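J.: Okay, sequence plus prediction incoming.
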Amino acid sequence: MPEPDDAVLRLRLAELELQRDERDDQIDGLISALNEAARRIGDLDRARAVEAYRAEQEAWRFEALRRRRWSRLGAALGTVRRRPFEPGSYRRVQDAVRPRPLPPEPAEPPRRIRRPDVKVADTEPLRVPPPDLPDGPVNRPDLVAAVALGPELETALRYEWTQLDGLRPAGWRNVLEARTPALFLAGPGETGLPLEEIAAWCRDRDVPTVYWDTGEGLDDAAFAFDHVCTVDAASIPEARARLGHDRVHHLPFAAQPRLHNPVRVHDHGRYPLLYEGEYDPAAEPLIAPAPRLGAHFHATGFPHLYRQRVVSPLPYPQALTARKRYKAILAPGPRLAVEAAAAGVPVVHAGEPPTAFGPAVDDRQNASRLLRALLAAPELRDRQAHLALREVHSAHTYRHRVDSLIDHLGLGAAAPRRPAVSLILPTCRAEQIAPAIAQVARQVWRPLQLVLVLHGLDADPVEVEKQALAAGIDDVAVLTADPSVSLGGCLNRAIDAADGDRIGKIDDDELYGPHYVSDLVPAFDYTEAGVVGKLAHYAHLGSMNATLLRYPDLEHRYVDVLRGGALLADGDLMRAYRFADLGRGEDTDLFRRLREDGVRVYAADRFSFITIRHADAARHTWRPSDLELLADSRVAFYGLAEEHIMF
């Protein structure tokens, strides 16, 4: 079926690439001029320092000569010869032979200092407009919670439940009495709230209370709470001993997909390295080589040595956007590590990593090597970032934390159900049935349904269903359609039979990695899209055994179209829009209608999916030449290299 590109789109892309190249050439010219100016300034500074040193050296020599004995003795003896009978003449001789300290020698001569080349990051201030934080949706609207934490955590948690606002030292009682919460969650901070008094109020009304130690340690208020949670699992035994009960649980930091997500921003990944937060001396081996690589420090407490790189930390909302403009983040604390991982930004730890979201180094030499490797290798960064993002969405969002908290409190509130996914697949090639079933069976996401339409095939639907069930697919529906039915008609029959909350369309001759579905589903949590899928993707050309990367800049972005064989949509949306009754161009028509109605479409990552272009073009309904594909792509490597794409 046709791919979502046309002559107008290709022309516009070519114009944008030309503008980008011209801008890069201008930037390179300006950087070269700045480097030359910096070198000249450095040479002038050193020449001036050398002349000042020479003058200081000559002054020292003159003063040292004046203070030496023989220099003073000659003048004293001359006085004795002229006035031999005056006592003062002999006193001058005595004074001349008395030793006198020499003046201190001048400092060492100025050394030639190697000045690092000027980088774009050094010449352009980071301007970050305040973002518009989304209003919702809320995962558990029926669960009411009173929260007294710092603004960052309160902001992240308000998407998980109905959160009571307006808790103030003078009016907290009115807020709680107006709507009694199901729980009270508080922690150390400068809220000024009387936590012990609020905890007592909650106890009188059987409202469970939780004190969350976010790293500052337990204070006296923790003794008044029913449960205590901590981000540091190692501190649990000591906390239980101190509190005298075992209601102490591990509750680490997490990510809020509404706020921490990989959606691209302007100048995404343009700057090299970022250190954010308070200076940590233990991270010095990682910090020390960073300035020469163009690092920025949005931090406090840094030694004077780093003053030219240090700026004040950005307000939290702006920091969420600013982080995405860097290629990697240095030595993040536990909260920043998971937030950066959710934003698709690689992290590098110093010493033992507090999380599994990135590598760790403990000496300066290896730190420099690792940082240079990350900055020079986009594939290395992207793979690390993708694995970390996958880990976040599997176990480290605030939805997971709230589920854990509810379980500890025994509230009995049911966790939000994982969305069921239905994959619809029409096929008119009997030899592709078994490979297509295997592609679906290896998906790690469950619950998963396969709706297979046998288009004009003389195959037994019951036997095909048994084959799919034996492969490990729990829910299978096998339909039949006459050859006279259009492809759009086959797809609509599959939609009618699909039970899933999400409906995805796949092709029988493409390759899908085991995490294909599980990587796409979370995009509905952090975007406003009704359809998600792939636009940046790999395509294998059988004629030359080369794998291309197509549309590399179009991932983690809102777009107009997606690959027809790699889309996942809201189930009700697909049931409402369906496909046109066409034999070709169904996908293009669907995206046109979605665009006209303002339905947003999101292109996720490029991994876990490969388009296969056989050497025999007659095997495909959409038949561009290899040169046409090459013109819009870049050769990533020769061979299929599934490990590089399907991890």
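T.: Great, that's in hand. Just so it is clear, the structure is predicted and the values come from calculations on it, not from any experiment.
J.: Could I get the contacting residues of residue 154?
T.: Listed by C-beta atoms under 8 Å, 6 or more residues apart in numbering, the contact partners of residue 154 are 147, 163. From N, CA and C alone the C-beta is placed, and that goes for glycine too.
J.: how much space between it and residue 145?
T.: 10 Å (C-beta to C-beta, to the nearest Å).
J.: Could you tell me which residues touch both of the two?
T.: Residues within reach of residue 154 and of residue 145 at once, by C-beta under 8 Å, 6+ apart, are residue 163.
J.: Mind checking what helix or strand follows the lowest-mean-pLDDT helix or strand in the chain in sequence?
T.: Lowest on mean pLDDT, DSSP states H and E among the helices and strands of the chain sits helix 120-123, with a mean of 45. As assigned by DSSP states H and E, the chain's next helix or strand after helix 120-123 is strand 140-148.
J.: any idea how far that following strand is from the chain center?
T.: The gap between the average C-alpha position of strand 140-148 and the chain average comes to 28 Å, counting by C-alpha atoms, centre = their mean, to the nearest Å.
J.: could I get the very next helix or strand once past that strand in CSV with only the CA atoms?
T.: For strand 140-148, the succeeding helix or strand toward the C-terminus, using DSSP H and E, is helix 151-157. Output of helix 151-157 as CSV, limited to C-alpha atoms (Å, rounded to 0.1, in the frame of the first residue of the first chain):
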residue,chain,number,x,y,z
PRO,A,151,6.0,21.4,44.7
GLU,A,152,7.8,19.0,42.3
LEU,A,153,6.3,15.8,43.9
GLU,A,154,2.9,17.4,44.3
THR,A,155,2.8,18.4,40.7
ALA,A,156,3.8,14.8,39.6
LEU,A,157,1.3,13.1,41.8
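J.: Can you pull out the low-pLDDT segments for the stretch 351-500 of the chain?
T.: Applying pLDDT under 70 to the stretch 351-500 of the chain flags residues 353-355, 413.
J.: could you pull out the strands for it?
T.: Here the stretch 351-500 of the chain has its strands, by DSSP state E, counting those that start in this stretch, at 360-361, 421-427, 448-455, 475-481.
J.: the strands in the stretch 101-250 of the chain, which residues?
T.: Under the criterion DSSP E, counting those that start in this stretch, strands of the stretch 101-250 of the chain are mapped to 140-148, 161-164, 183-186, 209-213, 227-230, 248-250.
J.: out of the ones you listed, deepest packed?
T.: Across the strands of the stretch 101-250 of the chain, averaging neighbours per residue (mean count of other C-beta atoms under 10 Å) puts strand 183-186 on top, at a mean of 24.
J.: mind listing what that strand pairs with, with the direction of each?
T.: strand 140-148 (parallel), strand 209-213 (parallel) (DSSP bridges).
J.: thinking again about what came up before, out of the strands of the stretch 351-500 of the chain, flag the one nearest residue 609.
T.: With C-beta to C-beta as the measure, strand 421-427 is the member of the strands of the stretch 351-500 of the chain nearest residue 609 (13.0 Å).
J.: Just give me how far the closest one sits from the chain centre.
T.: Here the centre of strand 421-427 is set off from its chain's centre by 32 Å, with C-alpha atoms, centre = their mean.
J.: tell me which strands and helices it is in contact with?
T.: Applying 3 or more C-beta pairs under 8 Å, 6 or more residues apart in numbering; DSSP states H and E, we find strand 421-427 packed against helix 433-441, strand 448-455, helix 487-497, strand 502-506.
J.: so what strands line up beside that strand?
T.: Sheet pairing here is set by DSSP bridges, and for strand 421-427 it gives strand 448-455 (parallel), strand 502-506 (parallel).
J.: got the angle between the longest one and strand 475-481?
T.: Per axes from the mean of the first three to the mean of the last three C-alpha atoms, to 10 degrees, the angle that strand 448-455 makes with strand 475-481 is 10 degrees.
J.: then strand 448-455 to PDB, C-alphas only?
T.: These are the backbone C-alpha positions of strand 448-455, laid out as PDB (Å, rounded to 0.1, in the frame of the first residue of the first chain):
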ATOM      1  CA  LEU A 448      -3.100  -9.300  23.300                       C
ATOM      2  CA  GLN A 449      -5.600 -10.400  20.700                       C
ATOM      3  CA  LEU A 450      -4.800 -11.400  17.000                       C
ATOM      4  CA  VAL A 451      -7.600 -10.900  14.500                       C
ATOM      5  CA  LEU A 452      -6.400 -12.600  11.300                       C
ATOM      6  CA  VAL A 453      -8.400 -12.200   8.000                       C
ATOM      7  CA  LEU A 454      -7.700 -14.900   5.400                       C
ATOM      8  CA  HIS A 455      -8.200 -12.900   2.200                       C
END
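J.: what's the angle between that strand and helix 433-441?
T.: Using the same axes, to 10 degrees: strand 448-455 against helix 433-441 is 160 degrees.
J.: Can you tell me what sits against strand 448-455?
T.: With contact meaning C-beta under 8 Å, 6+ apart, strand 448-455 is reached by 420-428, 433, 436-437, 440, 461, 464, 468, 473-481, 483, 485, 487, 490-491, 493-494, 497-500, 517.
J.: hmm, try it at 6 Å
T.: With C-beta atoms under 6 Å, 6 or more residues apart in numbering as the contact definition, strand 448-455 has outside contacts at 421-426, 428, 440, 468, 473, 475-481, 490, 494, 497-500.
J.: Equivalent analysis for the shortest one, please.
T.: Contacting residues not belonging to strand 502-506 are listed as 419, 421, 422, 423, 424, 425, 565, 567, 568, 569, 571, 574 [C-beta under 6 Å, 6+ apart].
J.: Measure how far it is from the centre of its chain, please.
T.: 27 Å.
J.: of the helices and strands packed on strand 421-427, which approaches residue 163 most closely?
T.: Closest to residue 163 of the helices and strands packed on strand 421-427, according to C-beta to C-beta: strand 502-506, at 27.7 Å.
J.: Kindly reformat the helices and strands packed on strand 421-427 as a markdown table containing distance to residue 384 and mean neighbour count.
T.: Output for the helices and strands packed on strand 421-427, formatted as a markdown table (distance: least, C-beta to C-beta, whole Å; neighbours: other C-beta atoms under 10 Å):
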| stretch | distance to residue 384 | mean neighbour count |
| --- | --- | --- |
| helix 433-441 | 26 | 19 |
| strand 448-455 | 28 | 24 |
| helix 487-497 | 37 | 21 |
| strand 502-506 | 27 | 26 |
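J.: and of the strands of the stretch 351-500 of the chain, who's closest to residue 129?
T.: Nearest to residue 129 among the strands of the stretch 351-500 of the chain is strand 360-361; the distance by C-beta to C-beta comes to 33.8 Å.
J.: Pull up the pairing partners for that closest one, direction included.
T.: By DSSP bridges, strand 360-361 pairs with strand 347-350 (parallel).
J.: Now do the same for residue 264: helix, strand or coil?
T.: The three-state label given to residue 264 by DSSP: H, G, I helix; E, B strand; the rest coil is coil.
J.: For it, give its distance to residue 471.
T.: In terms of C-beta to C-beta, residue 264 sits 37 Å off from residue 471.
J.: Throw the helices and strands packed on strand 421-427 into TSV and include distance to residue 325, thanks.
T.: Shown next, in TSV, are those (distance: least, C-beta to C-beta, whole Å):
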stretch	distance to residue 325
helix 433-441	37
strand 448-455	37
helix 487-497	41
strand 502-506	32
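J.: Mind checking the ones you listed for the one nearest to residue 221?
T.: Using C-beta to C-beta, these put strand 502-506 closest to residue 221, at 44.0 Å.
J.: ok, back up a step: quick check: PyMOL command selecting the buried ones in the contacts of strand 502-506.
T.: Remark: buried members of the contacts of strand 502-506, expressed as a PyMOL selection using 16 or more other C-beta atoms under 10 Å:
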select buried, resi 421+422+423+424+425+565+567+568+569+571+574
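J.: Widest-spaced pair of the contacts of strand 502-506?
T.: Between any two of these, the greatest separation by C-beta to C-beta is 20.8 Å, found for 419 and 565.
J.: since we're on the residue lying closest to residue 553 once chain neighbours are set aside, how many residues are nearby?
T.: Closest residue in space to residue 553, ignoring its immediate chain neighbours: residue 536 at 7.2 Å, by C-beta to C-beta, 6 or more residues apart in numbering. Close neighbours of residue 536, defined as other C-beta atoms under 10 Å, add up to 21.
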